[in-house]
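Peer 1: heads up, no residue letters with this:
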């Protein structure tokens, strides 16, 4: 666990990301705020299309053409969204790292592992000697459980799990203070996934890195994260410590998402009716209200206001405040009938 | 395999000694020289019975052969040897035309709904295509049956979907279309290959529920292929755990989960990330990954990763290399440099099936001393397999015990292929 008194490494405020499409602008991320301290892992969990990957890429400045971002992201006191492209380029790698989902598509098949490391390290620290580069690289590989005998191998000579460990070693060799890992275990098998989760778990002890772990798997969040942010339709609807949010979810979406997850203790099937909204024209009020079993009248008209959770963190749901509702506002919302066909 | 007294339900499909091997073509030079490039044993001698009305789970990691086995049940993967008996016919030896007839009875639902549907066919065409192939010539009848089937999988109002294309549908809706297409011929058996793994968490339970409803309504028998033990636990009556082309443990779901016997099954169960933060994944996970099926380990395929491997599990030279390399990930850089010099070249350890090997370049004594120090520092299961170490030339000759390849044997209510569960002598 990280020390809550230390300054955040990264502090995001009201981050927004739009994609331009022929049908109009998609508001993929709509006003997201969070802090991350050194050695802390924040799990960003949500279903496909909720904006979690877009947020990760937006923070790194890796959005495609036609996307626009807004808000403020303070890294060591500087706003990285306000930096020039050149300044931001200099930060990537050495200060901000990224671990991608599919390692094979991110490694150059014609370059040896040694060359990947040499390129990465000398790009940021051109003064290092060849021996120092090698020592640094071998140390990073060793921590990921990759033997020094494989240093001169090519990416295709490694198994899937080893490649993902290579990617993590490459991202960490420059000791970035903040790393975004986008679904780092999704393409892997159960046992290898568990190995990687342990590596990510050890990360905070060994490197003091602040990690934003993007995943759709609530099990991985429970295993590897200190805090969790639940994202729905572009907004973080609930945020807090993993233990507290998972055992005592305050937002109906968090509760339903956890209930619909099939785990070894599942005895009955639960699911969320309907599908996530179209982000070109999202529903008024709370974006979850058309699917929410607890929806009230106010939810359909007025956006909920972020409120502090009792045990820390935030939640945005009218059920949790911040003000007392009138009886008319509190009246249950009559749902339109949702059929199976409306699902995601 | 003999019929057991506890068999419930009739055997619908009987898979015996089934093997599916794929020949590797190798490079063009190797082919010119007529060199053998090896065989991938995707399925290697599998015995399996599918009983009427059950849900049989095929569970394993990628490369375990579970999908190939599922495809072989439809005749989609060519059997190298063995048989698949269904209604007194052997699917493994049928001609293409006969196989098509069989598919009225056995259907498959594929994993990725985005890839399984033709993007240029409307939903009506896609779902009705199976009818056309199987001789329903009347367009009106086809339409009526497509409408009936789409309603059955919950795609109502049907008129909204008939003329749509796959791109207009969400992931869950596409998977419903894939299921509609696979049940429209009213099959007896449905082989479902990871039907929910591409879907979002909130939708998975819904599709699983739909499959349970369909089973109930249509009297289906399922083969459920998955890597996800949690959904298998909920969904399956019996589970076959597969590893590298073999079934390593098979039995009733409750018993597999209550008392997993094979070390691989135990490892899989330990590795599942659980949403309950008070339950943590165990630290003692098997190392490494599923090996190359073109050069499988000798003896038990799981032995290189097995935490409880015994002397007779099939240790070989390749395992020695793995052990040394894993040791070096924990050594300091200086130690590594020194030890690598003593050990010398490792490439001669790479050929499969070598039981005796000479290791080292720095003289018999230092090599022996190094091996001894590694052995006492790290209790690697490999050392149980070493039968003899003796000086030879400038190194040490290491000989491993003879390995055995365990067959499926009865243990409690399940069958398991592991030397820890030996044949119980007949009473």
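Peer 2: In hand now; what should we look at? Treat the numbers as computed from the prediction; the structure is a model and nothing was measured.
Peer 1: Please see if stretch A:323-337 touches chain B.
Peer 2: No - applying CB under 8 Å from any CB of the partner chain, one finds stretch A:323-337 out of contact with chain B, separated by at least 11.5 Å. Bear in mind the C-beta positions are built from the backbone N, C-alpha and C, glycine included.
Peer 1: now that stretch: mean pLDDT?
Peer 2: When pLDDT is averaged along stretch A:323-337, the result is 79.
Peer 1: now swap in stretch A:290-299 and tell me
Peer 2: Here stretch A:290-299 scores 90 as its mean pLDDT.
Peer 1: Any chance you could list what contacts it?
Peer 2: With CB atoms under 8 Å, 6 or more residues apart in numbering or on different chains as the contact definition, stretch A:290-299 has outside contacts at A:252-253, A:256, A:272-275, A:277, A:283, A:285-286, A:288-289, A:318-319, A:325, A:328-333, A:335-336, A:338.
Peer 1: Can you classify the residue positioned nearest the centre of chain A by secondary structure?
Peer 2: Nearest residue to the geometric centre of chain A (CA atoms, centre = their mean): residue A:214, 2.8 Å. Reduced to three states with DSSP: H, G, I helix; E, B strand; the rest coil, the structure at residue A:214 is strand.
Peer 1: So it sits against residue A:185, correct?
Peer 2: No - at 10.9 Å, residue A:214 and residue A:185 do not qualify as touching, with contact defined as CB atoms under 8 Å.
Peer 1: quick check: longest helix of chain B.
Peer 2: Ranked by number of residues, the top helix in chain B under DSSP state H is helix B:201-218.
Peer 1: do it and chain A meet at all?
Peer 2: Yes - using CB under 8 Å from any CB, helix B:201-218 reaches chain A at B:201, B:202, B:203, B:204, B:205, B:206, B:208, B:209, B:210.
Peer 1: could the residues you listed be laid out in JSON lines, adding neighbour count, distance to residue B:187 and pLDDT?
Peer 2: What follows is the residues of helix B:201-218 next to chain A, written out as JSON lines (neighbours: other CB atoms under 10 Å in any protein chain shown; distance: CB to CB, whole Å; pLDDT from 0 to 100):
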{"residue": "B:201", "neighbour count": "24", "distance to residue B:187": "29", "pLDDT": "82"}
{"residue": "B:202", "neighbour count": "25", "distance to residue B:187": "29", "pLDDT": "82"}
{"residue": "B:203", "neighbour count": "24", "distance to residue B:187": "24", "pLDDT": "86"}
{"residue": "B:204", "neighbour count": "23", "distance to residue B:187": "23", "pLDDT": "89"}
{"residue": "B:205", "neighbour count": "23", "distance to residue B:187": "24", "pLDDT": "90"}
{"residue": "B:206", "neighbour count": "25", "distance to residue B:187": "22", "pLDDT": "89"}
{"residue": "B:208", "neighbour count": "22", "distance to residue B:187": "19", "pLDDT": "92"}
{"residue": "B:209", "neighbour count": "16", "distance to residue B:187": "20", "pLDDT": "92"}
{"residue": "B:210", "neighbour count": "20", "distance to residue B:187": "16", "pLDDT": "92"}
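Peer 1: Now residue 241. Nearest residue, chain neighbours left out?
Peer 2: Just going to use chain A. Excluding its sequence neighbours, the residue lying closest to residue A:241 (CB to CB, 6 or more residues apart in numbering or on different chains) is residue A:227, at 5.5 Å.
Peer 1: ah, no, chain B please
Peer 2: Residue B:241's closest residue in space is residue B:249 (CB to CB, 6+ apart), at 4.4 Å.
Peer 1: what about the residue of the stretch 51-200 of chain B found nearest chain A, helix or strand, and which?
Peer 2: Closest residue of the stretch 51-200 of chain B to chain A, CB to the nearest CB: residue B:154 (3.3 Å). Under DSSP states H and E, no helix or strand contains residue B:154.
Peer 1: Just to check, it is in contact with residue B:210?
Peer 2: Yes - counting by CB under 8 Å, residue B:154 touches residue B:210, with 6.3 Å between them.
Peer 1: what's the spacing between the residue of the stretch 51-200 of chain B closest to chain A and residue B:174?
Peer 2: Separation of residue B:154 from residue B:174 (CB to CB, to the nearest Å): 13 Å.
Peer 1: Residue A:18 falls within a strand, correct?
Peer 2: Yes - assessed by three-state DSSP, residue A:18 belongs to a strand.
Peer 1: related to what we said a few turns ago, you'd agree the residue nearest to residue A:241 is up against residue A:44?
Peer 2: No - contact criterion CB under 8 Å: residue A:227 and residue A:44 do not qualify, at 9.9 Å.
Peer 1: Please say which of those two ends up with more neighbours.
Peer 2: The neighbour count for residue A:227 versus residue A:44, taken as other CB atoms under 10 Å in any protein chain shown, is higher for residue A:44 (29 against 25).
Peer 1: ok, the helix or strand hosting that one near chain B or not?
Peer 2: Using DSSP H and E, residue A:44 sits within strand A:41-45. No - Strand A:41-45 is not in contact with chain B by CB under 8 Å from any CB; minimum separation 9.3 Å.
Peer 1: re the thing from before, wait, what's in contact with the residue nearest to residue B:241?
Peer 2: Each residue near residue B:249 by CB under 8 Å, 6+ apart is listed here: B:240-241, B:256, B:260-262, B:264-265, B:414-418.
Peer 1: One more pass at 6 Å, please.
Peer 2: B:241, B:262, B:265, B:416 (CB atoms under 6 Å, 6 or more residues apart in numbering or on different chains).
Peer 1: How about residue B:12: what's its closest non-neighbour residue?
Peer 2: Nearest non-adjacent residue to residue B:12 (CB to CB, 6+ apart): residue B:52, at 4.7 Å.
Peer 1: quick one: the longest helix of chain B to strand A:41-45, angle?
Peer 2: 40 degrees (axes from the mean of the first three to the mean of the last three CA atoms, to 10 degrees).
Peer 1: what's around whichever residue of the stretch 301-427 of chain B sits closest to chain A, how many residues?
Peer 2: For the stretch 301-427 of chain B and chain A, the shortest gap (CB to the nearest CB) falls at residue B:325, measuring 3.6 Å. Using other CB under 10 Å, residue B:325 has 16 other residues around it.
Peer 1: how about the residues of the stretch 151-300 of chain B that lie near chain A?
Peer 2: By CB under 6 Å from any CB of the partner chain, the residues of the stretch 151-300 of chain B that approach chain A are B:154-156, B:170, B:172, B:200-203, B:205-206, B:208-209, B:227, B:230-231, B:233-234, B:268, B:271, B:273-275, B:277, B:281, B:285-286, B:289.
Peer 1: if you set the cut-off to 7 Å instead, what comes out?
Peer 2: B:154-156, B:170-173, B:200-206, B:208-209, B:227, B:230-231, B:233-234, B:267-268, B:271-277, B:280-281, B:283, B:285-286, B:289 (CB under 7 Å from any CB of the partner chain).
Peer 1: Separate out the buried members of those.
Peer 2: Applying 16 or more other CB atoms under 10 Å in any protein chain shown to these, the neighbour count classes B:154-155, B:170-173, B:200-206, B:208-209, B:227, B:230-231, B:233-234, B:267-268, B:271-277, B:281, B:285-286, B:289 as buried.
Peer 1: picking that back up, among the contacts of residue B:249, which are located in strands?
Peer 2: Among these, the members falling in strands (DSSP state E) are B:241, B:416.
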